[in-house]
Each structure stands twice: as structure tokens, then as C-alpha cells.
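1. No letters, just coordinates:
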């Protein structure tokens, strides 16, 4: 899970946002098996990286996926990468279709630009790839062709979710987890 | 989630009730993706509104649904609106029938007026509608024709639940969540 | 949930046992919608009753079920009555058979007298009845004919569980919840 | 749950590792019905045993399973034995095949030696046996023929999981729980 802010921001404020996201996701067990307990992340665990600069030596392998999103959409202030059970299971079940449709749920209104439940969002699903530069390119190509959305799924892997701020990204994490958990239960009755 | 008390009540006491309901529901993740952490709500987050007066500038879009209930039933002292996974999934699955029947469960006795499990309640389900004035009118029409009940579902949206006091509304939230979760599991075996 | 000890015990120790059981069950949401938060029970919430004496004025409606167990089996030091999702769902699903068989699970060894997983226990299931004196008589008749067991189910209602001490009853609550939750998942795959 | 370190290690450090594993597993309810609350384990609850020495008087019945693993693989620094719902249910469902295959999940990378999701691990499943010396021999025979893996299942019983250190064993517990829970949900849709 990472968050990289545009230069003008003060590092301490950006670090606070990263920590808030990590504590929220860690407490819900959405960052399993990373070795570090994200629920106890502190400022010294946070790195600062240039969006267009060289790879930070402590950056995770998934940094290209974060950086590509920031470059593609300047309105993004925070990105979280989480592994929830529902997102991981559904990302695999619907992978062949290339997207998971969420339709008609009131909680879709948690996302900016959605004012009614009478809508559908297609969350892109990309196949997993250990070459994260190549994966980032595929993700951005897919997102470039899609209707605006605040997250995407990597099949069998997890969820990327973003917002204008860390607070927005937290709200979107919570919304996606609720919606995907509801969707998982709905599909089990079919 | 909102609670609006009749005039004679002291605001501080009413605010305490709202806070107790918010903390209870927030800790169970029943108010997802609202931006504010309901588990940490304080008195300054609580508003006071006239049941028959003009719309409060900080009132949520769902205020008409709360106000209509208070006007229709003077025994109501507290209303909570929550989004639980079970209520959201079942509200959609049974929407076409217009009601979800809960029958034979001991915990139905958590609701006033129910002294035996040998009973059934039909929880009305109304279609979701972003026009909350129109939705409130439909809800009240449906409740007016129904046997007494302490909650209703909005399809794909969530649950409204009420009681004579905040304490009662909390007990009813807990009862509905248990009953709807049990119902969801029971239906998965069919 | 109640616990009633034989006379020679000191009330303070018995109350500590009741409180430990209530805190354990309350924290797991196994005592829903009772109005009081069992996770915060204190000694003043605990009552003392004679096993053969008149009904205590603050005793719950379910006291006869507890008292009948104490009278029938002098080795019982503590009884808990809990409502878990798995016990409530399975108690209804298997009600017609009159028992739920748990077979082959290692955790059956949590119960006294069971030293191997190569065993089965038949947890009696009785139909629910608001006449708790009549229900207690039926339960004791059923238990009298059954192989020794440390709990029984009331259909659509919940679980009674006991042990020689509050600590044992807590261990048995935990074992039943695990076993019934596993059983529920196993049945969903059939 | 036990952990036994090679002699040169300082006992206090080893005890800290055992306590960290117990607190982690206890908080997740993965050590149910043991009588002691593993979430509150302290150093006085930890025993020290010789890997090749006589059985420690306070050692659990499952000590042979731990000792056999330490003898067979000198890279192991910590072993945990946990009972999770998903591991217990899946261990029984797939017992006849002798292994549970986990394939294609990103989180497989939590295990040493796995650098891509494009892999599969076969978690051995052995039948349960109360003779833990005999069971340990069977487990080691099976593990000796299997591709390297960091855990095995005992049918209807639970999961053994290990790592080079207590920290690694904790990460592997978390990974197995996530993967097995996802697998359980995936199978429910079939």
C-alpha cells in the first residue's frame, strides 16, 4: 500500500494521510501477510518519491502501478492497494469478462459523480502480471477506455482504489469492501 | 443516520442518544463510507430539527424519511438508518415481493408486542428512490397498511429501524442484524 | 444468560464466573438484542437463586431451563445460554431430526470424556416453546435418553451449554461456536 | 500451539516469539476452546524443550508433530498450530485427495521461494490420528515427497504452519488464513 503526493504538499501531511489509510486498512485485515503490521505504521515507514523521478530504493514492487495512476489523473491525491476477501474472490470469478459490474446499489453514491443508485459501474479487471511496468501500462490503457471509476481489480490479487485525498480513498475503500461483500453474497444465492 | 426528538426533550439527552446509536452502529461497520467515522461521533456532529419545521441546513438528504416516521407515529423516540450486508442483500433479493417475512425466530421477541416465536413479521421493502420526499410518502403508505413493525428495507440500500428511545432503537438494530444474518444463511442452504 | 450456583459457593466467586461468561459471550455478539450490554455486566446485575426455591423476582423467563439442568446433573457448575448465528440457523435446519450430529472433528475433544476425533455427538434439538417449565421438562426427558453431551439446541432460538465451572462453560461455548460454524460452512458445499 | 528453538537461542527471545504468535492467533480466534486465552499468554506459559530430548512434562500432546518438523528441516525457527474455520472445513472436504491445491493467487508470494502468482502449491492433508508419534511420521513422509511448502492440514483438525522465525510464521499464518478463506468462498460458487 502506498501513497505518493505531488511535490507542493508538505511531507508530514502526506505521511499522516498514508498512516490513516494504513491504520484503517490494517484494522480490517485488508493488508494481510505483509510482514509489517499496517495497523501500527508510523511516519518512519513512509517514503517520499518523485512521480517522474527514479525508483525509490525502498519502493515496493507495485510502485509503478501507483505512479502510473498519479501521472494519468492529476486529481488523484491518494491511492491504496488492498487485499480483501471479496475483491480477491470476485476478481477471479469475473476475470474472463474483463470487468465486474456493480449496479443499482445505493452505496455507489459514495463515489464522486454518482448521485443515484440507478447507475452501474464497471470495475475493470486486469489479469495479474509480475511485470508491474507492463501491468501498469495495461491498466492505464483499460482505464483510458472505461467510464470514470475509482478503482480496479487485478485477478486473484486485489483492489486498487483512489481519491482526491487520503480521506476520500478511505471512504472509497470502505464503499468497495461493502459493495463487493454484498455482491459476493448476492451471487451465492444464484 | 439521524435522530430527531420531540421538543420537550433536552437537547443534550437527545444528543447522547444519537451518539450511543452512532457508536454502536459504527463499531459494527453498519454505517460504511459516510466519510465521518460514526464510531467517533460527538455532540457537535448532532443537529436539532423541528419535526414540522423547515429543513435544517445540515440535515442529510434522508431527513424526510426520518421526519415522516416521527410524524406518523408519536411513540417513536429514535430512528436509525444503517447499511448492513445482510439487510442490503436481502432487500434486493425479496424486493419484487414487497416484503421480507421473518418467521418463527425466538429473537423476534426483541420487538415490542411480540411475546412468542410463533409469529411472523413482514418487513416492508420499498424500491429505492433518490426523491426522499416521494420515498417517504410511499414508505408511510406501505407502513399504514402493514401490521405494526419496527423497521423497513429500501431495496439495495439498507434498513430503517426505530424505537421508543435510543436504547430501544439499538436493541432493534441488533435484533434485525442477527435475524437478517440468520435468514441470509438459511436461504443459502435452499 | 444466567448462572446459578449451589449454596456452599461464595456469591462473589459465582458472580465473577457469571461476569466472565457474560463478557466472553458479549464480546462475540452471542447475546444480541437483550437491552443490556453483556460485555459490560457487573456484579450488581447478577442474581442469586435457590435451585429448589421459589422463582427469583429478577430471574429471566428462561430460569426454569437453567434450574432443571442444575437439578438433573450435580456436576454442572455453570450454564450459559447464547444466540449464535450458526447455532440458530442449524437448530432450525435439523429440527425435524431432533438432533444435530457433529462427527469426526478434532475440536470435539474440547468436551470432557472425549479423547478422540473418531466419535460423534448428537446435540439434542427441541422445538421452541414459550412455556419454559414445559420446555425444561422436555429438554430433561431428551437429555435423559441421550448420550452425555454438554449442550442442546432450541430450534430457531439458540444454544444452552454448560460445564463444571464458568471456565469450562466458556471453553464449551467457544468449542460449540467453532464446530457449528464449521458445520454450517461444510453443509453449504453440499 | 508451540514453538521450540534450537539450543543456542536465548530462552527469553524464543519466549517473546511464542508470545507474539499466540497473541496474533488468539486475537483472530484461531486457537479456540483451549481453556487458556492465547491472546493473553505470558512468558511463564512457555516451555523449553530439547528437540532430541525426553518429552517435557508440560508439553502438549501435539509436541511430536512440532519436534518432527524441527528435526526434519533445520531452517525452521517457529511453528504454529492453529484451528481456523476455513482450514478445518477445507481439510475435510479435500481429505480424500490428500492435498489442497492453491493456484494462481497473488498472496502465494507471501511464502519464501515463490516470486509469481503463476504457480500452485499442494498443501498436504493427512488423516487425523490421536497417536501423534505415528501422525508425525506420516506427515514427515508426505512432506519428504512433496514440493517445499510452509504448512500442512490435518483433516477435520487444523493447520500446521512454520517459518524461519516467529515473524515469518505469523506472516504465513495470515497468508494461509486469507488464501483458505478466499478458496472457501470460491468453492461455494461452484
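-> In hand now; what should we look at? From a predicted model like this one, the values you see are computed outputs, not experimental measurements.
2. how near is the spatially closest residue to residue A:95 that is not a sequence neighbour to residue A:60?
-> Take residue A:95 and drop its neighbours on the chain: the residue closest to it by CB to CB, 6 or more residues apart in numbering or on different chains is residue A:155, 3.9 Å away. Heads up, the C-betas are built off the backbone N, CA and C, glycines and all. Residue A:155 sits at a distance of 19 Å from residue A:60 (criterion: CB to CB, to the nearest Å).
3. More neighbours: the two, which one.
-> residue A:155 (23 against 15; other CB atoms under 10 Å in any protein chain shown).
4. ok, residue A:140 touching residue A:70?
-> No. With contact defined as CB atoms under 8 Å, residue A:140 does not reach residue A:70; the gap is 11.0 Å.
5. Comparing those two, which residue is more hemmed in?
-> The neighbour count for residue A:140 versus residue A:70, taken as other CB under 10 Å, is higher for residue A:70 (21 against 17).
6. what's the strand or helix carrying the more buried one in contact with?
-> Element membership for residue A:70, per DSSP states H and E: helix A:63-72. Helix A:63-72 is contacted from outside by A:2-4, A:6, A:49, A:51-52, A:55-56, A:76, A:79, A:81, A:132-133, A:135-137, A:139-140, A:143-144, A:160, A:162, using CB atoms under 8 Å, 6 or more residues apart in numbering or on different chains.
7. Mind checking if the very next helix or strand once past it is in reach of chain B?
-> Downstream of helix A:63-72, the next assigned helix or strand under DSSP H and E is strand A:78-82. No. Interface with chain B: strand A:78-82 contributes nothing (CB under 8 Å from any CB of the partner chain), its closest point being 13.6 Å away.
8. and strand A:78-82, how far from the chain's centre?
-> 4 Å (CA atoms, centre = their mean, to the nearest Å).
9. and the angle for that strand with helix A:63-72?
-> On the basis of axes from the mean of the first three to the mean of the last three CA atoms, to 10 degrees, strand A:78-82 is oriented at 150 degrees to helix A:63-72.
10. elements contacting strand A:78-82?
-> On a contact count with 3 or more CB pairs under 8 Å, 6 or more residues apart in numbering or on different chains; DSSP states H and E, strand A:78-82 meets helix A:11-27, helix A:63-72, strand A:158-163, helix A:166-188.
11. Which residues of chain A lie near chain B?
-> Counting by CB under 8 Å from any CB, chain A sits next to chain B at A:104-107, A:110, A:115-118, A:167, A:171-172, A:174-175, A:177-178, A:181-182, A:185-186, A:188-189.
12. just to revisit the earlier point, taking the contacts of helix A:63-72 one by one, which sit in helices?
-> Within the contacts of helix A:63-72, residues falling in helices by DSSP state H are A:132, A:133, A:135, A:136, A:137, A:139, A:140, A:143, A:144.
13. Could you list which of those also contact chain D?
-> Within the ones in helices among the contacts of helix A:63-72, nothing lies near chain D by CB under 8 Å from any CB.
14. With pLDDT and distance to residue C:28 as added columns, please give these in CSV.
-> As requested, the ones in helices among the contacts of helix A:63-72 are exported to CSV (pLDDT from 0 to 100; distance: CB to CB, whole Å):
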residue, pLDDT, distance to residue C:28
A:132, 96, 41
A:133, 96, 46
A:135, 98, 41
A:136, 98, 43
A:137, 98, 47
A:139, 98, 41
A:140, 98, 45
A:143, 97, 42
A:144, 96, 47
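15. which of those count as buried?
-> Neighbour-count burial (16 or more other CB atoms under 10 Å in any protein chain shown) is assigned, among the ones in helices among the contacts of helix A:63-72, to A:132, A:135, A:136, A:139, A:140, A:143.
16. what residues are up against the fifth one?
-> When the contact criterion is CB under 8 Å, 6+ apart, the partners of residue A:140 are A:68, A:69, A:72.
17. Filter the residues you listed down to the buried ones.
-> Looks like these have A:68, A:69 buried, using 16+ other CB under 10 Å.
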